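Engineer: Take a look and give me a structure for this.
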Amino acid sequence: MTTVDTHADHSHHGYITDKDKYLNRLKRIEGQARGIHKMVDDEKYCIDILTQISALTSALEAVAVGLLEDHLRHCVVDAARAGGDEAEAKIVEASQAIARLVR
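Structural biologist: Prediction:
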């Protein structure tokens, strides 16, 4: 999957102070995904695989919520202080991100 940073003009992102924490969590998530792959390859019991998928989903959601909170605390707050079109754009952007998370 390719990601594009549409906001590369920022000098830093809200998560930067917790970057190592996020990277460590994502490494664990990668390991969980590989474990699920192995479980399917080894033809493990369906319910056991579904249990691991649920754990993986929860781990990803925790990362997403953390990133969203950091975004609100930094990017959105900074834009709100600046006001104008940037503030409105950040609020819309955050609302759309929340909508994607709750689908």
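
Engineer: Which helix or which strand is home to the residue nearest to the spatial centre of the chain?
Structural biologist: With distances taken as Cα atoms, centre = their mean, the residue of the chain nearest its centroid is Ala64 (2.8 Å). For Ala64, the host element (DSSP states H and E) is helix 46-71.

Engineer: buried residues in that helix?
Structural biologist: Ile49, Gln52, Leu56, Ala59, Val63, Gly66, Leu67, Leu68, Asp70, His71 (16 or more other Cβ atoms under 10 Å). (C-beta placed from N, C-alpha, C; glycine too.)

Engineer: Who are the contact partners of the third one?
Structural biologist: Contact criterion Cβ atoms under 8 Å, 6 or more residues apart in numbering gives Ile29, Gln32, Ala33, Ile36 as the residues in contact with Leu56.

Engineer: how does it look with 10 Å?
Structural biologist: Arg28, Ile29, Glu30, Gly31, Gln32, Ala33, Gly35, Ile36 (Cβ atoms under 10 Å, 6 or more residues apart in numbering).

Engineer: Then the second one?
Structural biologist: Listed by Cβ under 10 Å, 6+ apart, the contact partners of Gln52 are Gln32, Ala33, Gly35, Ile36, Met39, Val40, Lys44.

Engineer: What helix or strand is the last one located in?
Structural biologist: Yep, that's Lys44 we're talking about. Short version, using DSSP H and E: Lys44 is in no helix or strand.
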